[in-house]
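Asks: What would the 3D arrangement of this be:
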Amino acid sequence: MMVKKSIHFYLGLIILLALMVFSFLFDKERVNFLDTSFLIFQILQDGANFFDLRFVSYFNFIPSLIGGLLELDLKLILLGQSIWFAGFHLVIFLLISLGLKKPIIAFAQSFALVISTTVSFYYPVSEVFPMVSLLFLFIALVESSGVVKYHIFWIIFISTLIGTSHPIFILFFPVVLGAMLIKKASRQRVLQVVLGLIISIGAYYMLGVNSYDESRVDKLFGKLNVTGSEFIDSYPVYYFWHHVYDFTNNYMPVLVLFILLTVVLAFQKKFISSIYFFVAGIVVFVITCFSEFEGNSGVVMDKAFMTLGIIPALMFIHVEQKRLFVIKNPKLIVTIMIFLFAGWKVRDISMASKYVVKRYYGIKNQLLKKQSTPHQKFVATAEDLKQIPHLGVTWNLGVESLFITTMEKEFDGNITLIKQEDYFDKQLIGKDSVFIGPPFWGEIEDNKLNPTYFELEGVYQKF
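Replies: Prediction:
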């Protein structure tokens, strides 16, 4: 039996297919970048490292695990991994729209992923992104109560994935659950919401929490008692205040939609929803500022604030189709506006690609300068790599360099790496050794590199 698909299905599909295209076009540059490259390296080095990831990341890094076990070409693994990072969200979208027949929720999921995202698209390793999609899958499951077989099992399973995604779920899952109860507060829904919250928190403490997560959460709650002047001087507030153009370019769509949807809900006499989302939006923004109080790299900051897109996406679900003044179908008008804003952000994501492309080929060119005749191995120093604009020296450069020299034919078997001696002391780089990973994530011992991909005999020295 053919299922009639709504405009929301097609518009959401266009958004996610655009992300799939970018994932294909910028596969090496997107995946051979910061933490993403390091985690892929760890999995290729030893498949057992796959199980050290957060539980939800098992789904994210399947291509790397399978590719490593089958000893596929490194370029093919990175291509598959890049496409799957976007494909995961497409699968969730299809489950919601076609499986659960909730195209409006599926559309909300699709634009929540892009409406406040720019350069963080090229940082797909973060579990924040699957968390966003899983939150909307949970909403669709609850909305489909009585239709889906083994409904409680799926509620428990998705709640477990949410709880093992990213610690910030502690902020957003309650906001989502509150929005669901405002829309409909039946006894069955209350029980499902309470069950989801309990399971997610239990999963977080049993399967998801680690020392890094604990320190992040403790630091967040420790910042909640700062004074007003200290908050104003925090890095995010300072940045937004002193970089108005960047703020406008990155977050104007989500801010305009937030204001527009607040007004629409008020005019539709959904005053509780309007007030709830207005307060929730401000609280989420403030707490997100606290979570990045001391600042971070641009890509990490962008990743932290991409979650702001969840709020207007939830608000959109609450907008009704009934006439508003002379507008016969306000939800359709809002849908078209959202799609146009999503197109704006997709354009921003495309333009941000120049950053990762410049980084990838900048590293490659600097490494090539250190190469001599085939099969001679030289070491690129921090000073060499600092010649790349906006690159700096990060702990990931060893793995990124390793991947580049392994994949790019110009190196003809050469391996060029760097060594990092102390991550915590201005990231010092040595001149005569090889760097693989940061000290606090463990050292790679001699003769322990996967020979299928990385031939380093005679080069590696312990540090």
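Asks: contacting residues around F285?
Replies: Going by C-beta atoms under 8 Å, 6 or more residues apart in numbering, F285 touches L308. Backbone N, C-alpha and C define where each C-beta goes, glycine included.
Asks: now the longest helix seen in the chain, how far from the centre of its chain.
Replies: Assignment by DSSP state H gives helix 330-369 as the longest helix of the chain. Here helix 330-369 is found 14 Å from its chain centre; the criterion is C-alpha atoms, centre = their mean, to the nearest Å.
Asks: Check stretch 106-115 too.
Replies: Relative to the centre of its chain, stretch 106-115 is centred 13 Å away, using C-alpha atoms, centre = their mean.
Asks: Repeat that for stretch 48-64.
Replies: Once both centres are worked out by C-alpha atoms, centre = their mean, stretch 48-64 turns out to sit 15 Å from its chain's centre.
Asks: ok, now stretch 312-322?
Replies: The chain centre lies 24 Å from the centre of stretch 312-322; the measure is C-alpha atoms, centre = their mean.
Asks: and the nearest residue to I333 once chain neighbours are set aside, bridged to which residues?
Replies: Leaving aside its chain neighbours, I333 sits nearest to I327 (6.0 Å; criterion: C-beta to C-beta, 6 or more residues apart in numbering). For I327, the beta-bridge partners under DSSP bridges are L324.
Asks: any idea how far I327 is from L177?
Replies: I327 sits 31 Å away from L177, going by C-beta to C-beta, to the nearest Å.
Asks: Those two: which has the busier surroundings?
Replies: Between I327 and L177, counted using other C-beta atoms under 10 Å, the more crowded position is L177 (22 against 14).
Asks: Against which helices or strands is the helix or strand hosting L94 packed?
Replies: L94 is part of helix 74-94, with elements assigned from DSSP states H and E. Using 3 or more C-beta pairs under 8 Å, 6 or more residues apart in numbering; DSSP states H and E, the elements in contact with helix 74-94 are helix 7-25, helix 27-31, helix 34-45, helix 57-60, helix 62-69, helix 103-112, helix 128-143, helix 397-407.
Asks: Specify the angle between the longest helix of the chain and helix 103-112 in degrees.
Replies: 40 degrees (axes from the mean of the first three to the mean of the last three C-alpha atoms, to 10 degrees).
Asks: So which bits of helix 330-369 are buried?
Replies: Neighbour-count burial for helix 330-369, with 16 or more other C-beta atoms under 10 Å as criterion, is recorded at 330-331, 334-335, 338-339, 341-343, 345-346, 348-349, 352-353, 355-357, 359-360, 362-364, 366-368.
Asks: What is that helix packed up against?
Replies: Applying 3+ C-beta pairs under 8 Å, 6+ apart, one finds that helix 330-369 contacts helix 7-25, helix 27-31, helix 103-112, helix 244-267, helix 310-318, helix 382-385, helix 397-407.
Asks: Touching, S401 and L368? I think so.
Replies: No. Using C-beta atoms under 8 Å, S401 makes no contact with L368, being 11.2 Å away.
Asks: quick revisit: pLDDT (mean, whole number) over the helix holding L94?
Replies: Helix 74-94 comes out with an average pLDDT of 94.
Asks: so where's the stretch 251-400 of the chain shaky on pLDDT?
Replies: The model of the stretch 251-400 of the chain has pLDDT under 70 over residues 292-297, 324-326, 370-398.
Asks: do the stretch 101-250 of the chain as well
Replies: Where the stretch 101-250 of the chain drops to pLDDT under 70, the residues are 208-235, 238-249.
Asks: Which residue ranges of it form strands?
Replies: Shown for the stretch 101-250 of the chain, no strands are assigned by DSSP state E, counting those that start in this stretch.
Asks: Could you find the closest non-adjacent residue to A342?
Replies: Once flanking residues are discounted, A342 sits nearest to F111: 4.6 Å by C-beta to C-beta, 6+ apart.
Asks: between the helices and strands packed on helix 74-94, which one is nearest to G202?
Replies: Closest to G202 of those is helix 128-143 (C-beta to C-beta; 15.4 Å).
Asks: Show me what the closest one is packed up against.
Replies: Applying 3+ C-beta pairs under 8 Å, 6+ apart, we find helix 128-143 packed against helix 57-60, helix 74-94, helix 103-112, helix 151-163, helix 169-183, helix 187-203, helix 310-318.
Asks: one more time with 10 Å
Replies: On a contact count with 3 or more C-beta pairs under 10 Å, 6 or more residues apart in numbering; DSSP states H and E, helix 128-143 meets helix 57-60, helix 74-94, helix 103-112, helix 151-163, helix 169-183, helix 187-203, helix 298-305, helix 310-318.
Asks: Single out the most deeply packed of the ones you listed.
Replies: Mean neighbours per residue, mean count of other C-beta atoms under 10 Å, is largest over the helices and strands packed on helix 128-143 for helix 103-112, with a mean of 27.
Asks: show me the contacts for S273.
Replies: By C-beta atoms under 10 Å, 6 or more residues apart in numbering, the residues touching S273 are 179, 182-183, 261-262, 265-266, 314-315, 317-319.
Asks: check which helix or strand covers it.
Replies: Assigned by DSSP H and E, S273 falls within helix 271-291.
Asks: Give me the buried positions along that helix.
Replies: Buried residues in helix 271-291, defined by neighbour count with 16+ other C-beta under 10 Å: 273-274, 276-278, 280-281, 284-285, 287-291.
Asks: Contact partners for the residue nearest to I333?
Replies: Contact partners of I327, counting by C-beta under 10 Å, 6+ apart, are 264, 267, 333-334.
Asks: what do you get for M180?
Replies: M180 makes contacts with 138-139, 142-143, 189-190, 192-193, 196, 314, 317-318, as judged by C-beta under 10 Å, 6+ apart.
Asks: since we're on T262, how many residues are nearby?
Replies: Neighbours of T262 under the rule other C-beta under 10 Å: 19.
Asks: right, and it touches P312 too?
Replies: Yes. T262 is in contact with P312 according to C-beta atoms under 10 Å; the separation is 9.2 Å.
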